[in-house]
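J.: Sequence plus the predicted model coming up.
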Amino acid sequence: MKNTQRNKPLVVLSSVKTRFGNKLYDLFRCFLFNKLDPNREYKVWMRYSYNWKRYSLDDLCSPYPPKELDHTNWDMFCLINKFPQIRDEFVSNYFLKSYDNTKKVKDRFLFQIRNTDYLHFYPAVINRNIIFQKMLDCAGNLHPEIKTIDVMSEDIDYCKNNYNNLFESKGYTVNYLPTGDIFDDFERSWNYKHKLIMNSTFHYWGCYVSNLIYSYNCTIITYLSKLMNTGCTPTNAIIAEYADRPSKSTEKKLYPNGKPKHSLATSAQF
């Protein structure tokens, strides 16, 4: 019979979040607490979850909820960059054990574009075309030799219809990557040395992994706004633009007929 006795008291943390990237922060929090507090064992219970067995992260998951829900979930965003060595150990242990170096992509930019809630709930983090133009200008100044952009998004058609002219006006050849399985998209993003990203924990996690693959010699271009969890932005990211969400009065001027309607995609990764 299997011995069910535990050598250490078990502490079960709670997670009620649905997004892939946010849940990774919950799992990192358990890994971190296990390092900092070796006298107890930490696991996380997830009401909505993914098949973490793909990365052996299920060893940090509890099948049972805690007796009381903890309310420190958002603190996890601030923890990731406060413990860089443990963050890199987490990434190395769970994601890079069998990484194939032949998949590296160094001659193209990856532009990860989050639409879904940004278009539905935050239709104007000022003007996307302005922000993207600043990011593309920054990319062109840093790597004028790169002329191709691969675009990854949960809504590729929207990107084609709204941003293709901007990309082409900057002289780029654009490849629109088909949206796939969430784990496949996550792993594909690791391969790129040069990235343009948005305020997305999914994008951030891809950058944490890429940084280890390329020994922190990556180009990561993004922007900052009050909407962003700046405590978890990759520490080597280059800030191309600072933007704030407009006030309600400004939004009325920008959108006199109401905010643009956009159907939410079923995928939550971006």
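T.: Alright, I've got the coordinates. Residues are numbered from 1 along each chain as shown.

J.: Could you tell me the phi and psi values at Val11?
T.: When read as degrees, to the nearest 10, the backbone of Val11 gives phi -110, psi 120.

J.: Contact partners for it?
T.: Phe33, Arg40, Glu41, Tyr42, Lys43 (Cβ atoms under 8 Å, 6 or more residues apart in numbering). The C-beta positions use only the backbone N, C-alpha and C, and glycine is treated the same way.

J.: wait, isn't the last one in contact with Ser15?
T.: Yep, that's Lys43 we're talking about. No. Taking contacts as Cβ atoms under 8 Å, Lys43 lies outside contact range of Ser15: 10.6 Å.

J.: When these two are compared, which one has more neighbours?
T.: Each of Lys43 and Ser15 has its neighbours counted (other Cβ atoms under 10 Å); Ser15 has more, 23 against 20.

J.: Quick check: bridge partners of the more buried one?
T.: Beta-bridge partners for Ser15, by DSSP bridges, are Met46.

J.: hang on, the earlier thing: is it possible to mark the buried ones in the contacts of Val11?
T.: When those are checked for burial by 16 or more other Cβ atoms under 10 Å, the buried set is Phe33, Glu41, Tyr42, Lys43.

J.: Tell me what the residue lying closest to Ile156 once chain neighbours are set aside is bridged to.
T.: Nearest residue to Ile156 in three dimensions, chain neighbours excluded: Tyr176, at 4.8 Å (Cβ to Cβ, 6 or more residues apart in numbering). Here Tyr176 sits in beta bridges with Val151, as judged by DSSP bridges.

J.: Can you give me the distance of Tyr176 to Phe167?
T.: As defined by Cβ to Cβ, to the nearest Å, Tyr176 lies at a distance of 10 Å from Phe167.

J.: Tell me where the model's unsure across the stretch 101-250 of the chain.
T.: Low-confidence segments of the stretch 101-250 of the chain (pLDDT under 70): 117-126, 225-230, 243-250.

J.: tell me the strands in it, going along the chain?
T.: 105-113, 148-153, 173-176, 192-196, 219-224, 238-242 (DSSP state E, counting those that start in this stretch).

J.: can I get the CA coordinates of the longest one in CSV?
T.: Coordinates of each C-alpha in strand 105-113 appear next as CSV, following Å, rounded to 0.1, in the frame of the first residue of the first chain:
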residue,chain,number,x,y,z
VAL,A,105,14.7,31.7,-35.3
LYS,A,106,17.1,34.7,-35.5
ASP,A,107,16.4,36.3,-38.9
ARG,A,108,12.8,37.4,-38.3
PHE,A,109,10.8,39.4,-35.7
LEU,A,110,7.9,37.7,-33.9
PHE,A,111,5.1,40.2,-33.3
GLN,A,112,2.6,38.9,-30.8
ILE,A,113,-0.6,40.8,-30.9
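
J.: Cheers, nothing more for now.
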